[in-house]
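**Q** sequence and computational prediction follow.
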Amino acid sequence: MELIKENKEKHRLVYFNNDRYRKVWTIDRSDWIYQHVKKLRYVMPDFVLDYGVDYIEYKIIEGITANNFEHTGEFIQKIYKFCLNNIQSTKPWVHGDWVLSNIIIQPNGNMVMIDWDNLGIYREEEYMKKLHNDLISAFGEDKFKRAINDSTSI
């Protein structure tokens, strides 16, 4: 396995293998891991391949992260609509971290959320504020608000 990311703040290492990613925690997160996998299997049944007391292995989702696409008004609208639909489809659980690097756009155009570490049950006003703040951070406040206000389909 090849180390591809280290997050000292979260005490986490991410490794890549041919068919999976493995997140390893360097502090005791065993209770959290067990509970997290249980929740994650509810919202994305086939995503977790294996887990143990200090790691979770995830299926690789083919595609390109959304931060690699041009931020047109139409693209912003698609991302926003996808996030809203994702929230509805996983309730009562929500992703909680809508940065563009957590959204995979597959070759067929489908979008998939990855990196579910913030998965939880939140109040609607709390997760909507977080969603808007994440997308404003990604696109800029004016561009995000203009794209959303220009949309008649959202």
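**A** Thanks, I have the structure now.
**Q** okay, and the beta partners of the residue nearest to Ile56 when sequence neighbours are not counted?
**A** Leaving out its chain neighbours, the residue that sits closest to Ile56 by Cβ to Cβ, 6 or more residues apart in numbering is Lys23, at 5.3 Å. For the C-beta atoms, the positions are set from N, CA and C on the backbone; glycine is no exception. Counting by DSSP bridges, Lys23 forms beta bridges with Val14, Ile56.
**Q** so what's Lys23 up against?
**A** Arg12, Leu13, Val14, Tyr15, Tyr55, Ile56, Glu57, Tyr58 (Cβ atoms under 8 Å, 6 or more residues apart in numbering).
**Q** how far away is it from Asp117?
**A** 8 Å (Cβ to Cβ, to the nearest Å).
**Q** domains of this structure?
**A** 2-59, 64-150 (automatic domain parsing).
**Q** how about the ones you listed in JSON lines, adding mean pLDDT?
**A** Shown next, in JSON lines, are these (pLDDT from 0 to 100):
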{"stretch": "domain 2-59", "mean pLDDT": "96"}
{"stretch": "domain 64-150", "mean pLDDT": "96"}
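**Q** and those, which is most packed in?
**A** Between those, domain 64-150 has the highest mean count of neighbours, a mean of 16, where neighbours are mean count of other Cβ atoms under 10 Å.
**Q** and the end-to-end length of it?
**A** Using Cα to Cα, to the nearest Å, one end of domain 64-150 lies 26 Å from the other.
**Q** how far does that domain sit from its chain's centre?
**A** Mean-position distance between domain 64-150 and its chain equals 8 Å (Cα atoms, centre = their mean, to the nearest Å).
**Q** for stretch 2-12, same thing?
**A** 17 Å.
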